[in-house]
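S.K.: structure here, sequence nowhere to be found:
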Ligand SMILES: O=C(O)C(=O)C[C@H](O)[C@H](O)COP(=O)(O)O
């Protein structure tokens, strides 16, 4: 069975990289702190280069691409070395492209019908986005009884304070978040702070 990003740690860090040179030390700090699954969002021109460098140079990292919106992005991320793909929402076209890469993926959902549509296609691991805005932990808790066989990675607005509530739910495998990468720490390349925040996040449990 292929590795699922959901099973590696309680948190998947969501990374926005502005320069490729920072990507490797940043990912090393996350891995050292206990967060091996690293989601690099395709929101910056540096993202694909960052995925490539992390895949090649950071031992222990399981690097993925986030903010995958189009089939071309799915393909480019796979070619750059991404091991998993994350999307904020899903369409039929995008779903087909995700499957075509052969990688594991977390399609974004925020309604029960979206969850059921993907479930009909055999998907059992999904992102719940934007988690806090779309109903938060109470929403996912309500889904656990009628749809017990789908596991979620809620992402969007989650903090170290709210993460344990999500992680305590039976249908939450892990959460996604960017709080271990404060903009000022990344700008000043304070990797020891990133590692420390990652370590705290990796110790979170419900
Ligand atoms: O890029 C994507 O695919 C997204 O769906 C959005 C991200 O998951 C959120 O931006 C998470 O960021 P925070 O809310 O800062 O934790």
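M.R.: Okay, I see it. None of the values given here were measured: they were computed from a predicted structure.

S.K.: next, residue 64: secondary structure please.
M.R.: Classification of residue 64 by DSSP: H, G, I helix; E, B strand; the rest coil places it in strand.

S.K.: show me what contacts it?
M.R.: Applying C-beta atoms under 8 Å, 6 or more residues apart in numbering to residue 64 gives the contacts 5, 12, 37, 38, 39, 40, 77, 82, 83, 84, 85, 86. In short, each C-beta sits where N, CA and C put it, glycine included.

S.K.: setting aside sequence neighbours, what's the nearest residue to it?
M.R.: Take residue 64 and drop its neighbours on the chain: the residue closest to it by C-beta to C-beta, 6 or more residues apart in numbering is residue 84, 3.8 Å away.

S.K.: isn't the one you found right up against residue 102?
M.R.: No: assessed by C-beta atoms under 8 Å, residue 84 is found out of contact with residue 102, at 11.2 Å.

S.K.: more crowded one of the two?
M.R.: Between residue 84 and residue 102, residue 84 has the larger neighbour count (other C-beta atoms under 10 Å), namely 27 against 9.

S.K.: just after the lowest-mean-pLDDT helix or strand in the chain, pick out the following helix or strand.
M.R.: Across the helices and strands of the chain, mean pLDDT, DSSP states H and E gives its lowest value to helix 183-187, namely a mean of 94. Once helix 183-187 ends, the next helix or strand along the chain (criterion: DSSP states H and E) is helix 191-202.

S.K.: quick one, phi psi at the residue nearest to residue 64?
M.R.: Torsion angles at residue 84 (phi, psi; degrees, to the nearest 10) stand at phi -150, psi 160.

S.K.: who's in contact with the least confident helix or strand of the chain?
M.R.: 22, 26, 190, 193, 194, 197.

S.K.: how far out from the middle of the chain is that helix?
M.R.: In terms of C-alpha atoms, centre = their mean, to the nearest Å, the centre of helix 183-187 is found 20 Å from the chain centre.
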